[in-house]
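Student: Build me a model:
(2 chains)
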Amino acid sequence: MNIIACIKQVPNTTDVKIDSQTGRLKREGVESIINPFDEYAIEEAVRLKEKNPGSKVTVITMGPPQAESALREAISRGADEGVLVCDRPFGGADTLATAYALSSAIKHLGNFDIIFCGKQATDGDTAQVGPGLAEMLGITHIAYVKKIENIDGKTIRVERLMEDGYDVIECGFPILMTVVKEINVPRIPSLKGKMNAKKAVIKTLTAADVNADLKRVGLDGSPTQVMKIFTPPQRTGGEKFSGEPQDIALSIVGKFKELGIV
Amino acid sequence: MSSINILNDKCVGCGQCLSLCPFGAISMEERPGHPKKFGLAKIDLDKCVYCGTCVSACKFNAINLQKDAPAQGSDKDKYRGIWVYAEQRHGEISSVVFELLNEGKKLASELSVPLSAVLIGSNIKSKAKDLIDRGVDKVYIFDNPILAEFQDDPYTDVLTRLIQKEKPEIVLMGATNIGRSFASRVAARIGTGLTADCTALAIDAQTRNLHQTRPAFGGNIMATILTPQHRPQMATVRHKVFKQAKIIEGHKGEIIEVETDYSTLLNRTKFVQFIKDTSAKINVSDADIIVSGGRGVGGAEGFKLLKELADLLGGAVGASRAAVDSDWIPYSHQIGQTGTTVDPKVYIACGISGQIQHLIGMNSADTIIAINRDASCPMMQIATYALEGDIFEIIPNIIKEIKSKK
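Tutor: Just a heads-up that it's a prediction; the model follows:
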């Protein structure tokens, strides 16, 4: 089985601080990590490989040269190969242009059976690249997968998380799935994995390599444009209550009444 | 290709742009042959998205941005009208749709165009009236057993065909699990722009561009996004941000059953069944009131107390990642970065310290009530009402107090 996991390198949100003077994001010293949802995508791909001997997991990311470290980390967690889609014309891409660039790279790499993506990335929070990529590859997709119930040579049966429960869906191959946290608990890199990651040769693909239409990639291939960026007003604390639990309860139920919730 | 560069003779190295760049793409370099303090800005093109924030901030006009006009994707003037996708689940219209109709109606009147809704499902014709009652001028219906439950393939086929035929200028969907998956696929097939999870919408009447404002970086920054050259402009909109459209007495609308050869629809997935989450009467996305617990709840037993309060208030039970990872409560209740983002009227955080990953999932709540023994924890610092004390002493007293009032 040929399995692909698409990942993104994102700034670690835990590190992101707001500069109280300028009200802007402080980026200095912010560590880059694998998008947390993509860790579940990598893990699910590796688990599937382990259940189906002879399978291969390829991890793909689009990003600047430093995104190579995310691919190596994925290899340390059990992936076999890393592919970096990296070229100046790819820069400034929105979700449509990103999906196009990734689809060009995946077509260039050849056959695959399953693609895993994280539900969304924690910097952009769009959840749009996975389904968009499936559309551009001409394959179907299932978003918000929380469990693979069954898989055989021809079909896969999964649980799709919905707000009010879950849907059970069956599908053939090839297929793209975006996964949520519930699907697994990602492993910690093994010593062998770390050594593999160190030795691995990361393949870099440029726009020319993947025969991408330059009108459809990067900023110029992006229908959406950022017009303005601003910082929302920060929440500041309000009223404090302390003392006897009965008194606190009495005061807050008074507030409940003001809010109209009792 | 678009380009951006620093004009070395104009840059004074003041560093203003560096602190403003939301993407951390600007650094200060030493200027060859000059003292250290007289620096020079440098733009990292791998990080820059050409948003222009630095250009407008530079007092010395030292940043030169050339944005190529994006390729003309569609003949803009042929596209008119506002559409709302009337998402249904198990035959019932989702409440986010009524919020979209309220916003859609405003946009439609500013542009002097009709408001239309698209209803896709099976045996759903009777629901068209609910939409018309709330101000919809035209309801397009696809009604067929294949469409009973949401599946990306057939739904994408019918909606894209209709969009390509009727050419609306704006298409709005709820940022629900269905909407996020469905809209992405439709936008990719049409090749137009899609903006995710909007929390504010406005119209520029001259250009007819939709100003789509949305949080990014977990709500640390807000971005206003345009789709200037492509039509339709597509957006998913966050649930519970906008008010629901009111019923307009006597409003008349047209119902159009779209003629479709359903046998030609692509359908590569098979819907097997739906399993309802029976652990909650109301799910966290729909709830106006959420009683949420973290590490301080101590165990599954503690969540029973939270559930009792939630039931009393007609709310849902939420949880932090710590509580979910300890198996005290299922993942569907998790609020925050790797869980659900919620926007309730009242969020009651019980024994949740307020890690940033949790805060970004709930900090847009109208009112936050925190109960915690540690008055200095982040959640207590941002709470509208911060109650200092033990949740197992305070909550039973709150429950008693509410019951005594009933």
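
Student: next helix or strand past the lengthiest helix in chain B?
Tutor: In chain B, with assignment by DSSP state H, the single longest helix is helix B:95-111. Next helix or strand after helix B:95-111 toward the C-terminus (DSSP states H and E): strand B:115-121.

Student: What is the following helix or strand past that next one packed up against?
Tutor: As assigned by DSSP H and E, the chain's next helix or strand after strand B:115-121 is helix B:128-133. Applying 3 or more Cβ pairs under 8 Å, 6 or more residues apart in numbering or on different chains; DSSP states H and E, we find helix B:128-133 packed against strand B:115-121, strand B:138-143. For the C-beta atoms, the positions are set from N, CA and C on the backbone; glycine is no exception.

Student: Identify whichever of those strands lies nearest to chain A.
Tutor: strand B:115-121 (14.5 Å; Cβ to the nearest Cβ).

Student: tilt between the closest one and helix B:95-111?
Tutor: Counting by axes from the mean of the first three to the mean of the last three Cα atoms, to 10 degrees, strand B:115-121 points 150 degrees away from the direction of helix B:95-111.

Student: hey, C-alpha coordinates of stretch A:150-170 in PDB?
Tutor: Only the C-alpha atoms of stretch A:150-170 are listed here, as PDB (Å, rounded to 0.1, in the frame of the first residue of the first chain):
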ATOM      1  CA  ASN A 150     -12.200  -1.800   8.900                       C
ATOM      2  CA  ILE A 151      -9.900  -1.900   5.900                       C
ATOM      3  CA  ASP A 152      -9.300  -4.500   3.300                       C
ATOM      4  CA  GLY A 153      -7.900  -4.600  -0.200                       C
ATOM      5  CA  LYS A 154     -10.900  -2.900  -1.800                       C
ATOM      6  CA  THR A 155     -12.800  -0.800   0.800                       C
ATOM      7  CA  ILE A 156     -12.300   1.200   3.900                       C
ATOM      8  CA  ARG A 157     -14.900   1.800   6.500                       C
ATOM      9  CA  VAL A 158     -14.500   4.900   8.800                       C
ATOM     10  CA  GLU A 159     -16.200   7.000  11.400                       C
ATOM     11  CA  ARG A 160     -16.700  10.600  10.600                       C
ATOM     12  CA  LEU A 161     -17.000  12.900  13.600                       C
ATOM     13  CA  MET A 162     -20.000  15.200  13.500                       C
ATOM     14  CA  GLU A 163     -21.300  17.700  16.000                       C
ATOM     15  CA  ASP A 164     -24.100  15.400  17.100                       C
ATOM     16  CA  GLY A 165     -22.400  12.000  16.900                       C
ATOM     17  CA  TYR A 166     -20.600  10.200  14.100                       C
ATOM     18  CA  ASP A 167     -21.400   8.900  10.600                       C
ATOM     19  CA  VAL A 168     -20.100   5.600   9.400                       C
ATOM     20  CA  ILE A 169     -18.900   5.800   5.800                       C
ATOM     21  CA  GLU A 170     -17.500   3.200   3.400                       C
END
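
Student: picking up where we left off before, what mean pLDDT does the longest helix of chain B get?
Tutor: Summarised as a single mean, pLDDT over helix B:95-111 is 97.

Student: Wait, B:R185 touches A:P131, no?
Tutor: Yes. Here B:R185 reaches A:P131: they are 4.7 Å apart, a contact under Cβ atoms under 8 Å.

Student: Neighbour count for these two, which is higher?
Tutor: Counted by other Cβ atoms under 10 Å in any protein chain shown, B:R185 and A:P131 do not tie: A:P131 has more neighbours, with 30 against 27.

Student: coming back round to it: can you pull the residues that touch both of B:R185 and A:P131?
Tutor: Common contact partners of B:R185 and A:P131 (Cβ atoms under 8 Å, 6 or more residues apart in numbering or on different chains): A:141, B:152.

Student: How many residues are close by the nearest residue to A:A127 once chain neighbours are set aside?
Tutor: Nearest-residue entry for A:A127: A:Q120, 3.7 Å, with adjacent residues in sequence omitted and distances by Cβ to Cβ, 6 or more residues apart in numbering or on different chains. When neighbours are counted by other Cβ under 10 Å, A:Q120 registers 27.

Student: Would you map the helices across the stretch 301-406 of chain B?
Tutor: Remark: helices assigned in the stretch 301-406 of chain B by DSSP state H, counting those that start in this stretch are B:321-325, B:356-359, B:378-382, B:391-405.

Student: Tell me where the chain is predicted with low confidence.
Tutor: Looking at chain A here, since you left the chain open. Applying pLDDT under 70 to chain A flags residues A:14-28.

Student: I was thinking of chain B, sorry if that wasn't clear
Tutor: The model of chain B has pLDDT under 70 over residues B:1, B:68-74.

Student: That one - how does it break down into domains?
Tutor: Domain assignment for chain B by automatic domain parsing gives B:3-66, B:76-261, B:289-405.

Student: Please name whichever of those is nearest to A:D220.
Tutor: domain B:3-66 (9.8 Å; Cβ to Cβ).

Student: And B:I371, how far from B:A386?
Tutor: To B:A386, B:I371 is 8 Å away according to Cβ to Cβ, to the nearest Å.

Student: Between these two, which has more neighbouring residues?
Tutor: A side-by-side neighbour count of B:I371 and B:A386, using other Cβ under 10 Å, places B:I371 first with 31 against 23.

Student: so where do the helices sit in chain A?
Tutor: A:36-51, A:68-76, A:95-109, A:129-137, A:191-199, A:245-259.

Student: and of those, who's closest to B:G15?
Tutor: Set against B:G15 and scored by Cβ to Cβ, the helices of chain A come closest in helix A:68-76, at 28.1 Å.

Student: wait, does the longest strand along chain A contact chain B?
Tutor: Looking across chain A with DSSP state E, the single longest strand is strand A:140-151. Yes. Residues of strand A:140-151 contacting chain B under Cβ under 8 Å from any Cβ of the partner chain: A:140-144, A:146.

Student: For that strand, name the packing helices and strands.
Tutor: Partner elements for strand A:140-151 (3+ Cβ pairs under 8 Å, 6+ apart): helix A:36-51, helix A:129-137, strand A:156-162, strand A:165-171, strand A:175-179, helix B:152-166, helix B:177-190.

Student: sorry, back to before: let me know the angle separating the longest helix of chain B from helix B:177-190.
Tutor: 50 degrees.

Student: next one: helix B:95-111 to chain centre, how far?
Tutor: Relative to its chain's centre, helix B:95-111 lies at 15 Å (Cα atoms, centre = their mean, to the nearest Å).

Student: buried residues in it?
Tutor: Judged by neighbour count (16 or more other Cβ atoms under 10 Å in any protein chain shown), helix B:95-111 contains these buried residues: B:96-108, B:111.

Student: same thing with stretch B:190-201?
Tutor: Applying 16+ other Cβ under 10 Å to stretch B:190-201 flags B:190-199, B:201 as buried.

Student: from those, which are also near chain A?
Tutor: Answer for the buried residues of stretch B:190-201 near chain A (Cβ under 8 Å from any Cβ): B:191-197.

Student: Go through these and name the one nearest B:Y155.
Tutor: B:L194 (15.3 Å).

Student: right, and the closest one touches B:A235 too?
Tutor: Yes. With contact defined as Cβ under 8 Å, B:L194 and B:A235 form a contacting pair (6.9 Å).

Student: now B:E388, which residues is it bridged with?
Tutor: Here B:E388 sits in beta bridges with B:N372, going by DSSP bridges.

Student: Pull the number of nearby residues for it.
Tutor: Neighbour tally, B:E388, other Cβ under 10 Å: 18.
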